[in-house]
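> After the sequence you'll find the predicted model.
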Amino acid sequence: MVSKSGRPFRRGQLLVSCEHASCQLPTRYGTLGLPRRALTSHIAWDPGAREVAVYCARRLKRPLHAGRYSRLLIDLNRSPHHPKLIPKESFGVRVPYNIGISRDERRARIRRYYEPYRRRVLREIEHVIGRHGSCVHLSVHSFTPRLGRQLRRADIGILYDPRRPLESTLARCLTQDLKERGYHTRRNYPYRGTSDGFTTFCRRVFPASVYLGIEIEVSQARLQGSSQLARTAQAVADCVDTVFRETYRPGLAGRPGTAS
């Protein structure tokens with residue numbers, strides 16, 4: 001893959017993060033008033049997302065930034081003033097200990113658990129840009145295949161900002177490669193790439209010329225059981241590696257290295 005200047009992107013320009021990697025909670029918070037079994041369900045984290053992120057980071061020999069605690073404590077993928085930063089409910093399930101929390105408690109969670117993670121990733125992005133000229137940030141998530149009555153008819157979603165040409169081209173390349181591997185892949189699905197999220201926040205900090213933010217959303221239906229999870233994680237990592245190795249010229253609609 002080549003940058004706008006024509007120089008190839010290097011593996012060193014890749015940064016992998018996984019904001020909803022864990023369903024754990026600090027001991028002081030117990031279960032936040034929920035049944036313990038709820039903490040292992042998708043309301044508390046993105047099951048399988050960490051494994052996909054690990055495969056990608058290992059395959060391209062890049063460090064992984066992963067959230068340590070459940071999004072029920074504080075959501076690392078939300079902006080600081082988002083109403084669901086500390087969710088009162090998640091996927092329709094009330095979180096008792098998050099209802100009516102004090103301003104001091106809110107500030108304490110932001111200071112202890114939210115800001116340190118965000119600062120680490122932002123510093124890494126700055127370091128990568130300073131060393132290599134640009135940064136490709138892959139933020140890995142998973143989604144439940146059924147939300148209420150809605151069936152989400154895709155295996156993988158690639159989220160990006162269509163107004164950023166390099167992101168658009170990279171998203172097309174990833175989508176096409178995953179389709180060729182047998183995965184029903186859609187762009188900006190099941191969420192819009194411009195909705196509130198960490199990559200959206202980073203786009204406000206770093207210009208399009210040096211920062212590419214891509215969210216990879218994998219259906220949890222494709223992450224059931226250790227063998228299927230491993231196959232899917234390997235396929236995503238292979239895809240990212242392939243797209244990084246091949247070259248394309250920004251703005252072309254075809255495969256990397258092809259004319260439109």
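That came through, no problem. Numbers count the residues shown, from 1 in each chain.
> Please name the nearest non-neighbouring residue to Arg222.
Counting by Cβ to Cβ, 6 or more residues apart in numbering, Arg222 lies nearest to Thr232, which is 4.6 Å off, once chain neighbours are set aside. Using the backbone N, CA and C atoms, a C-beta is placed for each residue, glycine as well.
> Quick one: residues contacting that neighbour.
Residues near Thr232 by Cβ atoms under 8 Å, 6 or more residues apart in numbering: Gly48, Val52, Asp155, Tyr183, Val218, Arg222, Leu223.
> Give the buried residues for stretch 24-38.
For stretch 24-38, the neighbour count (16 or more other Cβ atoms under 10 Å) marks Leu25, Thr31, Leu32, Leu34, Ala38 as buried.
> Just among the contacts of Thr232, which is most surrounded?
Among the contacts of Thr232, Val52 has the most neighbours (other Cβ atoms under 10 Å), with 31 neighbours.
> how about the nearest residue to that residue, chain neighbours excluded?
Nearest to Val52 is Ala233, by Cβ to Cβ, 6+ apart, at 4.4 Å.
> element containing that neighbour, please.
Secondary structure from DSSP states H and E places Ala233 in helix 226-245.
> ditto for Thr175
Per DSSP H and E: Thr175 is located in helix 165-180.
> helices or strands up against that helix?
For helix 165-180, the elements it packs on are strand 156-159, strand 185-187, strand 211-219, helix 226-245, judged by 3 or more Cβ pairs under 8 Å, 6 or more residues apart in numbering; DSSP states H and E.
> Rebuild those as JSON lines, extending it with distance to Ile86 and mean pLDDT.
Below are the helices and strands packed on helix 165-180 laid out as JSON lines (distance: least, Cβ to Cβ, whole Å; pLDDT from 0 to 100):
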{"stretch": "strand 156-159", "distance to Ile86": "23", "mean pLDDT": "98"}
{"stretch": "strand 185-187", "distance to Ile86": "31", "mean pLDDT": "98"}
{"stretch": "strand 211-219", "distance to Ile86": "22", "mean pLDDT": "97"}
{"stretch": "helix 226-245", "distance to Ile86": "29", "mean pLDDT": "94"}
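> Go ahead and confirm the residue nearest to Val52 touches Ala49.
No - contact criterion Cβ atoms under 8 Å: Ala233 and Ala49 do not qualify, at 9.5 Å.
> Okay, strands next: where are they in the stretch 51-200 of the chain?
Secondary structure of the stretch 51-200 of the chain (DSSP state E, counting those that start in this stretch): strands located at 64-66, 89-90, 93-94, 135-143, 146-147, 150-151, 156-159, 185-187.
> What's the mean pLDDT across the fourth one?
Here strand 135-143 scores 97 as its mean pLDDT.
> ditto for stretch 114-126
Averaged over stretch 114-126, pLDDT sits at 98.
> from the chain's centre, how far out does that stretch sit?
Centre-to-centre, stretch 114-126 and its host chain are 15 Å apart (Cα atoms, centre = their mean, to the nearest Å).
> residues of it that come out buried?
Buried, per 16+ other Cβ under 10 Å, within stretch 114-126: Tyr114, Tyr117, Arg118, Val121, Glu124, Ile125.
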